[in-house]
Structures are given as structure tokens and as C-alpha cells.
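>>> All I have is the shape, not the residue letters:
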């Protein structure tokens, strides 16, 4: 067991000690704590101010369409000296995402500003308290959130005069996808499936 | 139309054209040099008067040609590119411009970063929808005559990006003269495309296009 693993376990244990409803999970030496959305803000403040996790590596989101709650927020926390890694997850229902019930952490880690804008742009999860929640990759006025599962890979037509437009890409029997974990290279090649 | 022979000597098209240098005939042929009639008189008189060029004071430095041929020759050998480098194709474009491949051999080394000074837009890379109207705007700012090379799979068809974010070929927005396959194309392929464009320009009816584009009163002058 490496010191990094141990440090991650210790950090997760401290979170669980303070927030009793949180659950802990370990995979390949990486520690994850899953918390309720209502407690997310308090957990993140605890991680920043008490555990001194001063480096927010990434903020991302997962769409588990068909499940309830639908979305999952994922925060990758660390220290700048790389001595601790901790992942924090919180499930978000669709109506919570639309209503902006996910708290921003951009005041704790400045880098979360753009990460949260990207999550909003691509997945449509709104953040409360964010200083400037605009789209970051697509343009203001684009009507979809492209990384949601119901959005087709080929895209959808849209039109904003003088700003931008989109069309539908010809898939030509695609999408061509690889098969992870297939036994031979040939089977793993991208194919229409 | 009159040109220095030294500048056009290498081109076969011009070699076929008979030079008229004798004092007796130069006055009336130069008066309507651009028409088909000058060819007829030149052909007939050329054989008889060919010796005259040797002792002429102007030593064969006068040549007759068609306006189209002259304009096309000038245009195709000084194509100033607008380098619309948007992705990895731009690296190959830069390689094409540098010493090993040396696009200046084809008169296209003067990369202009102002569209107002450019003749050919080389769209090198993936055109996203967010960038598409900016590319169109740069294209609209280029003065006529102008040409477009779609360099590589992305600019030609969207390439491997069958995606909500990528324009599926720049020809959805502006007219493309030459498509170059490859991902990215090698510099040789870009040079081949440039030569194809030169061949296309060589076949254009430039005077007709100029007259069509110009306002009616400016043709009189």
C-alpha cells in the first residue's frame, strides 16, 4: 500500500467521521466519498479548509439516463504537493439540475469557475452562486446540451443568425465504436455497432 | 498586348505565338493585338518575316498574346495564400512553406494574414461550427478574384469528426476549387493541389469575368 493510497483513505475516513450519511468506496487504490447533494457544499468546505485539499484537479459530470437520480457530479481533489487524492461524488436529480440546486465551489477553488461553466454547457446542470454561469464551448443561445445521453452523436440542426448554426452530420452507417476488452485486435477495431 | 519576351520565354503557349517585329507590320498588328485576327495575320506573315527579328532594333522583345493568357499567367504564378490554419493540417502547411518543400517555387510563399491582400484561402484543419462564420467572414473580405483550397479530410468533409460540433465540409459555406485528401496531407499533396489550382486558373476566361464583374461605364474607359 502506497502512502498516496493511505493518505486518500485517511482523508475519506475524516469526511465520513464528520458527515455520517456519506459513503466510502475504494477502487484501484483511489478513494471516493459519495455524499448527499444537500451536504455537498459543507463537505467541499471541509475538504478545502480542514483537510487542506488545495488543488481541484477536475470537475465533471455523469449522465446515467434512465436511472434516478439521473446525474452525478464528480470532483477530483488533491493537494498541490500530490500527497493526497480524494474523489467526491454527489447524485443530482434532473429537476435539481434544472433548478440550480448544485452549489458552486468556485469561491473555494477559483478553477471551478470554468469547469462548472463547462458542466453547465455540456450537461445542463446549473450551479447556484456561480459568478458568471454562461456557456463556455458552445455559444449563448445554442438550444441543446450535447453530452446528455438523449442528444444524438450526429448533432441537431440549429440556427442563430450572424452567430452560428449547426447541422446534422452524416453518420454513414456509423457511429464506429471500438470494443474495449475484446480478445483480438481485429475485434477491437472501430466498427458500426 | 505587349510583354518582354524574356519573362514569358519558358511557356510553350507563348512560344507558338509568332513575333512581329518588322516596322512594316508592327503598327497595324499592335492596334488589334488581342483579337483572333492578329493570329491570322501573324500566322501568314510570320513565316515570311521571321528573319526580320534578327536585325530589328527591338531584338524580338515584343510578343503578342491574348489578354486572357497573360492575365492568367500572372495570376497563377503569384497566388498569395490566406493561411486559415485551424488544426494539425496547419503544421503541414507550415512545412510546405519552409525550406524543404518551398512553396515559393510556385509563387505562393507570400502568406498574408490580412484577407484583403490574399488570393487563395487554404482552409487547413477542422472547421467547427463556432469557427465557421469567422472563416466565412474572412473569405468575404478577400477581394476577387479569389480561390479556395480545402486541405485535408476535415476541411473537405468533416473528416473523422461526425459530430454536433464540426461543420461537415467547408463547401457548405464557400466555393471550393481544390480538395486535398489526407489526414493531414503531406506537403507534396498540398503542392499538387496548388498546381491543380494553377492549371484551373490557366483555363479561366479572365477578361470575360472582369467585364462581367465591372460596372458598365468603367468598361468604356
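The structure has been received and is ready for your questions. Remember, it's a predicted structure, so these values are computed and weren't measured experimentally.
>>> ends of stretch A:109-128, how far apart?
15 Å (CA to CA, to the nearest Å).
>>> Can you mark which positions in that stretch are buried?
Using 16 or more other CB atoms under 10 Å in any protein chain shown as the test for burial, stretch A:109-128 gives A:109, A:112-113, A:115-127. From N, CA and C alone the C-beta is placed, and that goes for glycine too.
>>> Also stretch B:163-178?
B:163-171, B:173-174, B:176-178.
>>> Can you flag which of the residues you listed belong to strands?
residue B:178 (DSSP state E).
>>> overlap between the buried residues of stretch B:163-178 and the residues near chain A?
With CB under 8 Å from any CB of the partner chain as the criterion, these include B:163-168 near chain A.
>>> Mind putting those into a markdown table with pLDDT?
Converted to a markdown table, these look like this (pLDDT from 0 to 100):
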| residue | pLDDT |
| --- | --- |
| B:163 | 87 |
| B:164 | 90 |
| B:165 | 91 |
| B:166 | 92 |
| B:167 | 92 |
| B:168 | 92 |
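>>> now the residues you listed in TSV, with distance to residue A:82?
Putting these into TSV (distance: CB to CB, whole Å) gives the following:
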residue	distance to residue A:82
B:163	35
B:164	36
B:165	33
B:166	36
B:167	41
B:168	43
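>>> What is the nearest of the residues you listed to residue B:184?
Distance to residue B:184 across these (CB to CB) is lowest for residue B:166, with 15.6 Å.
>>> which residues does that closest one form a beta bridge with?
residue B:128 (DSSP bridges).
>>> Smallest gap between chain A and chain B, at which residue?
residue A:155 (2.8 Å; CB to the nearest CB).
>>> helix/strand/coil for that residue?
coil (DSSP: H, G, I helix; E, B strand; the rest coil).
>>> swap in residue B:100?
Residue B:100 is classified as coil under three-state DSSP.
>>> ok, and the closest non-adjacent residue to it?
Of all residues not flanking residue B:100 in the chain, residue B:187 sits nearest, at 7.7 Å (CB to CB, 6 or more residues apart in numbering or on different chains).
>>> pLDDT below threshold where in the chain?
Picked chain A for this. Across chain A, nothing is flagged by pLDDT under 70.
>>> um, chain B though
Low-confidence segments of chain B (pLDDT under 70): B:1-60, B:216-221.
>>> do that again at 90, thanks
Applying pLDDT under 90 to chain B flags residues B:1-66, B:109, B:112, B:144, B:158-163, B:204-221.
>>> Kindly report the residues of it close to chain A.
B:129-130, B:132-133, B:158, B:161-168, B:172.
>>> Could you identify the most distant pair in those residues?
The most distant members of the residues of chain B next to chain A, if one measures by CB to CB, are B:133 and B:162, lying 21.0 Å apart.
>>> Neighbour count for those two, which is higher?
residue B:162 (20 against 17; other CB atoms under 10 Å in any protein chain shown).
>>> wait, doesn't residue B:96 sit right on residue B:103?
Yes - counting by CB atoms under 8 Å, residue B:96 touches residue B:103, with 5.0 Å between them.
>>> elements contacting the longest helix along chain B?
If you go by DSSP state H, chain B has its longest helix at helix B:187-202. Counting contacts by 3 or more CB pairs under 8 Å, 6 or more residues apart in numbering or on different chains; DSSP states H and E, helix B:187-202 packs against helix B:67-76, helix B:89-97, strand B:147-151, strand B:178-180.
>>> What's the first helix or strand after that helix?
helix B:206-213 (DSSP states H and E).
>>> now that following helix and helix B:67-76, what's the angle there?
Note on geometry: by axes from the mean of the first three to the mean of the last three CA atoms, to 10 degrees, helix B:206-213 and helix B:67-76 are set 90 degrees apart in direction.
>>> ok now the longest helix seen in chain A, how far from the chain's centre?
Looking across chain A with DSSP H, the single longest helix is helix A:3-18. Centroid separation for helix A:3-18 versus its chain: 21 Å, with CA atoms, centre = their mean, to the nearest Å.
>>> could you point out which element follows it?
strand A:23-27.
>>> just to revisit the earlier point, among the ones next to chain A among the buried residues of stretch B:163-178, pick out the one closest to chain A, please.
Lowest distance from chain A to these (CB to the nearest CB) belongs to residue B:164, with 2.8 Å.
>>> The closest one and residue A:153 touch, don't they?
Yes - Residue B:164 is within contact range of residue A:153, at 7.4 Å (criterion: CB under 8 Å).
>>> what do these two both touch?
Shared contacts of residue B:164 and residue A:153, defined by CB atoms under 8 Å, 6 or more residues apart in numbering or on different chains, comprise residue A:169.
>>> before we move on, back to that, so of the helices and strands packed on helix B:187-202, which one's packed in deepest?
For the helices and strands packed on helix B:187-202, the largest average neighbour count (mean count of other CB atoms under 10 Å in any protein chain shown) is found in strand B:147-151, namely a mean of 27.
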